[in-house]
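Chemist: Structure for the following, please:
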Amino acid sequence: MPSCCAPSATVTAEELVSIVEAAAAELTRMRDSEGTRLSTVLHERMGVIDQAIQRVAARAPERVVAQRDRLRENVKVLTGGLAVDEQRLAQEIAILADRLDVGEEIDRFRAHIGAFQEALSSRGAEPVGKRLGFLLQEMLREANTTGSKANDAAIQRDVVLVKEELERIREQVENVE
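Modeler: Take a look at the predicted model:
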């Protein structure tokens, strides 16, 4: 037997139990400490996502107005100053506004952020890793839908940022029970 592994003395059952209990206590302390640090990192990353979603929510109405104005200008140019059916144009603008509307996605995204932070902050005995993973999937779905409706460079940048952050969070959540 190598000298590093040779017992130097006989250990009693009580001493062995004490050593195992101390090791288990240290393991629990280390896991709690790591969990606290990881929770802080995840909250910070979720804060970055929340700020991006706030920017998207603020930009969305401006983008609809810009698209409306662009549509009106394009119709004016294409018709060469001829009279246009204003009611029909208003219908087309309404359809465009509906296609570009990301309000529902933003509302759901905010709800998912709240649920994620609540699950992350819970101190119950139940594991939260699977729940966090599910919420991340839902947030990614909302981000993808928002991105497909965006038709705006500023919103697209924030959607890409959100998706990058979600991926970073997903990698960390894989380490959460």
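
Chemist: Show me the helices in the protein, by range?
Modeler: 13-79, 86-100, 103-121, 129-150, 153-173 (DSSP state H).

Chemist: and the ones you listed, which one's lowest on average pLDDT?
Modeler: Mean pLDDT is lowest for helix 86-100 among these, at a mean of 84.

Chemist: what about residue 101, distance to residue 64?
Modeler: 7 Å (Cβ to Cβ, to the nearest Å). For every residue, glycine as well, the C-beta is placed using N, CA and C.

Chemist: Can you pick out the residue with more neighbours from these two?
Modeler: More neighbours surround residue 64 than the other of residue 101 and residue 64, with 20 against 14 (other Cβ atoms under 10 Å).

Chemist: distance of residue 16 from residue 148?
Modeler: 61 Å.

Chemist: for residue 65, that is, sorry about that
Modeler: Residue 65 is 20 Å from residue 148, by Cβ to Cβ.

Chemist: what do you get for residue 54?
Modeler: Residue 54 is 20 Å from residue 148, by Cβ to Cβ.

Chemist: next one: residue 73
Modeler: From residue 73 over to residue 148 (counting by Cβ to Cβ), the distance is 25 Å.

Chemist: Please apply the same query to residue 170.
Modeler: 20 Å.

Chemist: out of those two, which sits in the more crowded spot?
Modeler: Neighbour count, other Cβ under 10 Å: between residue 170 and residue 148, residue 170 has more, with 15 against 11.
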